[in-house]
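# Fold the stuff below for me.
(chains A and B)
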Amino acid sequence: MSMTKMHIRVNVNGVEREGDVQARLLLVHFIREVLGLTGTHIGCDTSNCGACTVVLGGKAVKSCTLFAVQANGKKLLTVEGLAKEGKLHPIQEGFWEKHGLQCGFCTPGMIMAAYHLLQKNPNPTEEEIRRGISGNLCRCTGYVKIVESVQYAAEKMRVQEAQVAAR
Amino acid sequence: MTAQAPIIHGMGHAVKRKEDPRFIQGRGNYVDDVNLPGMLYLDIVRSPYAHARITSINVEKAKALPGVAAVITGKDLEPLGLAWIPTLMNDKQMVLPTEKVVYQYQEVVGVVAEDRYVAADAVPLVEVEYEPLPVVADPREALKQGATVVRPDKGSNLAYHWEAGDKGATESLFRDADVVAREEFYYPRLHVSYMETVGCVAHYDAISGKLTLWMTTQAPHAVRTVASLVTKIPENKIRIISPDIGGGFGGKVYVYPGYIVAAVASILTGKPVKWINDRSDDQPSTAFGRDCYMTAEVAAKKDGTMLALRVKTIGDHGAFFGDANPSKFPFGLFSICTGSYDFKSAFVEVDGAHTNKPPGGITYRCSFRVTEAVYAVERIVDVLAHKLGIDPAQLRIKNFIAPDKFPYKSALGWTYDSGNYLPALRKAMEKVGYEQLRKEQEEKRKRGELMGIGISSFTEIVGAGPAHTFDILGLKMFDSCEIRIHPTGKAIARFGTKAQGQGHETTFAQIIAEELGIPIDDITVEEGDTDTCPYGLGTYASRSTPTAGAAGAMASRKIREKARKIAAHLLEAREEDLVWEPGKFYVRGSPGKAKTIQEIAFAAYTNYPPDVEAGLEAVDYYNPPNMTYPFGSYICVVDIDKGTGEAKIRRFMAVDDCGNRINPLIVDGQIHGALAMGFGTAMLEEIKYDENGNVFGANFMDYLIPTAVETPKWETDQTVTPSPHHPLGAKGVGESATVGSPAAFVNAVVDALAHLGVTHIDMPLNPWKIRKILRDNGIQAE
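Numbers count the residues shown, from 1 in each chain, chains lettered A, B, ... in the order given. Got it, this is the predicted structure:
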């Protein structure tokens, strides 16, 4: 059993965090148990469900499928890092407005997948949204309201973008 | 100008959910988020065999691994009386085996270590030797003479035989009928696949002698009582906390071995112990849904008048009869299978079988076997329609229970509270353009293209239930609400139920807001802590609004009556001269002479009448007088790809009638989610076993639950037929679409292929099954 510890340094939601971790520690356990950020969830053990989705180095990844050491030197964004100064991110707002969640367990991963999608494609079609979240399973909502939540967010983010550009 | 009064948001408001801010910010508190100092982790050694004698268990190597705190076997549980525990159906189930295993992935040994990685390391170090035994994995085989007996303590594999209805009258109608339609249906074994697997944190405090269990349970109070009776730990020394739950759908009603082993481990080690089931362990070992073979027959006249229904079923219950059913109903409420139709007579019988498969039986958003019943009747009605050459919509319309017959006594003895089926079907037909679609289908058929239209006009039965009929292990199936109004007019309300995504913190607040005129933001709703909440039977089978929701209304009304006394005192008026309008009492004829509920609340602690107790609170234990009978009509339109056999859902129109809607947004969400589950059932999901009891579909690689890509874009609408006996006219809704929709999908696909002589295809309707039918009929892509 390898108990080798490695030193890592990760920028987590804008804050530099560092520590010694076992080489085999999964990124999701690092996030949940070392950093104490329990918004990132574990729903399966085969990389199918996406409940553990976070944005690492600008890309949506399933944090159950990476080791913590692979995040060394990178920027990590979790659901806890989205709201700024007490103000919800438009994607969070969209999920609340459009009833995009029920039990809430898939929600953080779904939101992070949507975040990555909207970074790449600020004006997605319905089909592009459905493909963009197809790595994230939800058992409660039937997806239609999640799609509407992402559309709400996309619209709001485009308006905000335009306002910033106009200033 | 006065400040604008806050919006009360009572019944019928599509208000945003109160629980959402924590979930969208990652601040939910699910069981795996509970962390206590010094906490240990439990992992479980599981059986590779479906049926085998255990010849030895050697735990020494596992115990020797640094960081391992305890290893627990069935022999350790035996002296505690915990190697076996009772099931919900008066059977018993193994916690950990002492002699043999009876299904693959069965829990065999518990390993407890200082972190989850070490616990997982220790699992393969436990050496278990097995001597394989013959396996029976098919319930039809299990009931034959000479089959391997799964449970020698029971003598045979027959768990029970159950029947309902008038056999003689039904047979006579069948004898004299012009036509009989008959079909055999297998309803596959499913798993609910909640996104959060089951788990717990057990914490035994040796000083107080109190055991606290944070656990994924939909029925915390019942768990506490049963735990106390089994362990002899006094009931006041057991506290069950259901924190946020990541979906339940019936699968979290059950008591799983992991909970018990974690509790024992905490008592033995003196430390808190966490157990979170791995997905690939959860899927094959926790409660399944469905898994039954049904032969349905309907007797009818040539003109399509349906006379009688007969259904014979073999149900697979696995090794232990542990369905989460009301005690008097071994196959749940299957006798609702006469559905929306005015049958003269009906007869159903069920043989329950034991096999080498895990127990369970009631899951899936959630339904006491109503899903199977509705599937049987809605499929056989379509089979009859095709046989008679009558349009399936017209056949349904001809046989619907007429609206003036409610309350309606069904042929199998249920009294439907209210219903009006035709408007719901008509609305669905208009919305999809049914007549046009039939024309399109005819034209396409001429061109060799395949499209189908499937209808399901289901009737549900939810809200268990009246105490005279419904109990679980003797506990009557009432539910409860306790409301306390604070001096400043804010409130806390606690319920005996426990939401797993249904939004009770919002809808229950809306019920109280409606009744008391207190804004929902001023009402805190709590559930799921047995130390603080009033006793209730929990949330499953769409029972929360019919029972606990009603209790919320009744408790509010008790508070209102006390408030009237206080208001009379404050206004120096007679009680009978006071008029209530939401949020205040005023003196009849003088609307200006009024006291708000907030003023009354303050007076309840500061200036109450001398003959009245201080405080403003009430409790209600609500025993519903009847079940509620939601219904609806669904229409599915499907196009079949001749090349791949894929059945592509073009449209799915769902018209639901669940009585008065408390929060239309939440009701819509419930229906959408249940439709997606019905879609998964019809098109994708199945857990299969080979003849050696090896499971297929045991994880998310092999068990396909719908993603956003293939899930249809749901269309919903409503009719409103209030329940006459529920205080708010509401019915339940959570399971309606899971119950109603599978038949619509299957009816649509069979309809697309009916001209080829196809009368039935078993779910899931995956492309290869359909492609095979096309190939056998010489059909291929151009």
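
# Quick check: bridge partners of residue 53?
Using chain A here. A:K62 (DSSP bridges).

# looking at chain B here, not the other one
Beta-bridge partners, per DSSP bridges, of B:R53: B:K100, B:E131.

# do the same with the one 5 residues further on
Under the criterion DSSP bridges, B:N58 forms beta bridges with B:E127.

# That one contacts B:E127, correct?
Yes. Counting by C-beta atoms under 8 Å, B:N58 touches B:E127, with 4.1 Å between them. For the C-beta atoms, the positions are set from N, CA and C on the backbone; glycine is no exception.

# Check the secondary structure at the residue sitting nearest the centre point of chain A for me.
Against the mean C-alpha coordinate of chain A, by C-alpha atoms, centre = their mean, the closest residue is A:M112 at 2.5 Å. With DSSP: H, G, I helix; E, B strand; the rest coil as the basis, A:M112 sits in helix.

# What pLDDT is listed against it?
Looking at A:M112, its pLDDT is 98.

# Name the nearest residue to it, ignoring sequence neighbours.
The spatially closest residue to A:M112, leaving aside those adjacent along the chain, is A:T53, at 4.5 Å (C-beta to C-beta, 6 or more residues apart in numbering or on different chains).

# That neighbour: neighbour count?
30 (other C-beta atoms under 10 Å in any protein chain shown).

# Same check on the one 4 residues further on?
Taking other C-beta under 10 Å as the criterion, the count of residues near A:G57 is 13.

# now B:K154
The number of residues near B:K154, taken as other C-beta under 10 Å, comes to 13.

# Next one: B:G12 relative to chain A, how far apart?
16 Å (C-beta to the nearest C-beta, to the nearest Å).

# And the pLDDT for the residue lying closest to that residue once chain neighbours are set aside?
In space, B:G12 comes closest to B:R661 once its chain neighbours are excluded; the distance is 6.4 Å by C-beta to C-beta, 6+ apart. Note on B:R661: pLDDT of 98.

# My guess is B:R661 contacts B:V667. True?
Yes. Between B:R661 and B:V667 there is a contact under C-beta under 8 Å: 4.8 Å.

# Next, show the common contact partners of the two.
Here B:R661 and B:V667 share no contacting residue, scored by C-beta atoms under 8 Å, 6 or more residues apart in numbering or on different chains.

# how long is stretch B:143-159 end to end?
Counting by C-alpha to C-alpha, to the nearest Å, you get 10 Å between the two ends of stretch B:143-159.

# just for chain A, where's the confidence low?
Low-confidence segments of chain A (pLDDT under 70): A:1-2.

# for it, what spans make up the helices?
With DSSP state H as the criterion, chain A has helices at A:27-29, A:90-97, A:107-120, A:126-132, A:144-166.

# Can you get me a residue count around residue 98?
Reading this off chain A. For A:K98, the count of nearby residues is 22 (other C-beta under 10 Å).

# hm, I was asking about chain B
Counted by other C-beta under 10 Å, the residues lying close to B:T98 total 16.

# try A:A165
7.

# How about the secondary structure of the residue in the stretch 101-250 of chain B that chain A sits nearest to?
Residue nearest to chain A within the stretch 101-250 of chain B: B:G246 (3.0 Å; C-beta to the nearest C-beta). Following three-state DSSP, we place B:G246 in the coil state.

# got the contact list for it?
Each residue near B:G246 by C-beta under 8 Å, 6+ apart is listed here: A:41, A:43, A:103-106, B:30, B:194-196, B:216, B:500-501.

# Over to B:P86?
B:92-93, B:226, B:230, B:473.

# Check the gap between it and B:K75 for me.
Distance of B:P86 to B:K75, computed by C-beta to C-beta, to the nearest Å: 20 Å.

# Just the helices from the stretch 401-550 of chain B, written as ranges.
B:421-432, B:434-447, B:504-516, B:544, B:550-571 (DSSP state H, counting those that start in this stretch).

# okay if I get those helices as a markdown table plus distance to A:K5, mean neighbour count and mean pLDDT?
A markdown table is the format used below for those (distance: least, C-beta to C-beta, whole Å; neighbours: other C-beta atoms under 10 Å in any protein chain shown; pLDDT from 0 to 100):
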| stretch | distance to A:K5 | mean neighbour count | mean pLDDT |
| --- | --- | --- | --- |
| helix B:421-432 | 62 | 20 | 98 |
| helix B:434-447 | 65 | 13 | 98 |
| helix B:504-516 | 43 | 27 | 98 |
| helix B:544 | 48 | 31 | 96 |
| helix B:550-571 | 53 | 22 | 98 |
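
# looking at those, which is closest to chain A?
Here helix B:504-516 is closest among the helices of the stretch 401-550 of chain B (C-beta to the nearest C-beta), at 10.3 Å.

# what is the orientation angle of that closest one with helix B:550-571?
40 degrees (axes from the mean of the first three to the mean of the last three C-alpha atoms, to 10 degrees).

# just how off-centre is helix B:504-516 within its chain?
Distance, stretch centre to chain centre, for helix B:504-516: 22 Å (C-alpha atoms, centre = their mean, to the nearest Å).

# my read: B:P243 touches B:N35, true?
No. Between B:P243 and B:N35 there is no contact under C-beta under 8 Å: 12.0 Å.

# Between the two, which is the more surrounded one?
Ranked by neighbour count (other C-beta under 10 Å), B:P243 and B:N35 place B:P243 first, with 19 against 13.

# got the contact list for the residue nearest to A:M112?
Residues near A:T53 by C-beta under 8 Å, 6+ apart: A:40, A:60-63, A:108-110, A:112-113, A:135-136.

# Can you give me the distance of it to A:G135?
Going from A:T53 to A:G135 by C-beta to C-beta gives 7 Å.

# Same question for stretch B:711-727: list its buried residues.
B:711-712, B:714-719, B:721-723, B:725-727 (16 or more other C-beta atoms under 10 Å in any protein chain shown).

# Can you name the residue of chain A nearest to chain B?
Closest contact between chain A and chain B, by C-beta to the nearest C-beta, is at A:G39 (1.8 Å).

# what's around that residue, how many residues?
Here the number of neighbours of A:G39 (other C-beta under 10 Å) works out to 26.

# same deal with B:V179?
A count of nearby residues for B:V179, using other C-beta under 10 Å, gives 15.

# For it, give the beta-bridge partners.
B:A300.

# Then B:T295?
Bridge pairing for B:T295 - DSSP bridges - gives B:E184, B:K312.

# Wait, it touches B:A181, no?
No. Assessed by C-beta under 8 Å, B:T295 is found out of contact with B:A181, at 11.6 Å.

# Wait, a helix at B:L765?
No. Checked against three-state DSSP, B:L765 lies outside a helix; its state is coil.

# pretty sure it is touching B:K648, no?
No. Judged on C-beta under 8 Å, B:L765 makes no contact with B:K648 at a distance of 11.3 Å.
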